[in-house]
Structure formats: structure tokens, C-alpha cells
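Asker: Can you look at this prediction? I've put the sequence above it.
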Amino acid sequence: MSNSTVVKPKSEPVDAGSSAGYALDQQIGFLLRQAQQRHTSIFARMMLDDVTPTQWATLAKLHEIGGCSQNLLGRHVAMDAATIKGVVDRLLARDLVVVSADPSDSRRLTIDLSRMGRDFIQRALPIAAAITEETVAPLDAHERETLLALLARIK
């Protein structure tokens, strides 16, 4: 199914527990995956410098909260320790982040945006907003607000 295809669910709810009533295209996981595919496609087309969604999340969160430990950063962006380590390593290789000793605990490292990372964020923030706008373009303002509120409740 292409990203531009919209499949409207039946107006009658389906009993998901009944094998006769189970329709894949009405299941939350399937619909979330399609929405994610749409967003990922838009993101890949629009984001600067081949930055991935996980890299963007990391950079955007550092911009939002400032430098922090890799462990805390991973928790903030919902990535496990191995994933955030790989993301940080790739961002380090691109000079978008820096690592330094934590001023309060020299055994701990702090991850923060580099000068290049801060410059990248300033260029990319309007594009990130445009990506979000295009992703939710089929929805009106009230629907967007409702969708975000509902997703926040089930995360």
C-alpha cells in the first residue's frame, strides 16, 4: 500500500477478539505502522543532511534540555542503552555533538550539542515543523490536537 493511500475504517466497530470480526486494517498496530511509514517517508524526503529520525530526536532533545548523561538522554528519547550509544557515536562522528566529563561527577560523561550541532538545529527546526505539518496535513486542527492527546495517553 502506498503512503498516499487512505483506508477508512468501517463505521461499525469490529470485535477484535472475534476471529470472524478481525480486520487487520482496523487494528491499532497496523494503523500506527502505516502512519509511521508516512511520517518516515516525509522525514527522509525533507530533513537536511541525511539525519535520521533517531538522530533528529537526539539532537532536538539536547537542544531542548541541554547537555546530560547518555543514559538520561536515552530515557528522554525512548531509546535503550545500545541504541542511544550508536546514535551518539554517529553524531560524534559527524561533529554534531560533543562529549565531556560531567562537572559534578568526573566518572560520568555529558553529551551536548557542538557548535555544528547548534547550527544544524537552527537550520533544521523549521524543516522539522514542516515535516510534522505535512504528516498531519489530512487532519484539521481539532483532529490534530485530539490525535496527539490520545497518543500521549497510550504511550
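Answerer: Happy to help now that I have it. Residues are numbered from 1 along each chain as shown.
Asker: Just confirm Arg108 is within a strand.
Answerer: Yes - counting by DSSP: H, G, I helix; E, B strand; the rest coil, Arg108 is found in a strand.
Asker: residues in contact with it?
Answerer: Ser69, Ala101, Asp102 (CB atoms under 8 Å, 6 or more residues apart in numbering). Just so you know, the C-beta spots here come from the backbone N, C-alpha and C atoms, and that holds for glycine as well.
Asker: Could you rerun that using 7 Å?
Answerer: Ser69, Asp102 (CB atoms under 7 Å, 6 or more residues apart in numbering).
Asker: mind listing what's buried in the lengthiest helix in the chain?
Answerer: The longest helix of the chain (DSSP state H) is helix 115-135. Buried residues in helix 115-135, counted by 16 or more other CB atoms under 10 Å: Gly117, Phe120, Ile121, Ala124, Ala128, Ile131, Glu134, Thr135.
Asker: pull the CA atoms of that helix into CSV?
Answerer: Extracted C-alpha coordinates of helix 115-135, given in CSV (Å, rounded to 0.1, in the frame of the first residue of the first chain):
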residue,chain,number,x,y,z
ARG,A,115,28.7,24.3,17.6
MET,A,116,28.0,22.5,14.4
GLY,A,117,25.1,20.7,16.1
ARG,A,118,23.6,24.0,17.3
ASP,A,119,24.0,25.5,13.8
PHE,A,120,22.3,22.3,12.4
ILE,A,121,19.4,22.6,14.8
GLN,A,122,18.8,26.3,13.8
ARG,A,123,18.6,25.3,10.1
ALA,A,124,16.6,22.1,10.7
LEU,A,125,13.9,23.3,13.2
PRO,A,126,11.7,25.0,10.5
ILE,A,127,12.1,21.9,8.4
ALA,A,128,11.1,19.6,11.3
ALA,A,129,8.0,21.7,11.9
ALA,A,130,7.2,21.4,8.1
ILE,A,131,7.6,17.6,8.4
THR,A,132,5.1,17.5,11.2
GLU,A,133,2.7,19.7,9.3
GLU,A,134,2.9,17.6,6.2
THR,A,135,2.5,14.4,8.3
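Asker: Just want the angle from the helix or strand just after that helix to helix 115-135.
Answerer: Later in the chain than helix 115-135, the nearest helix or strand by DSSP states H and E is helix 141-154. Angle, helix 141-154 to helix 115-135, by axes from the mean of the first three to the mean of the last three CA atoms, to 10 degrees: 120 degrees.
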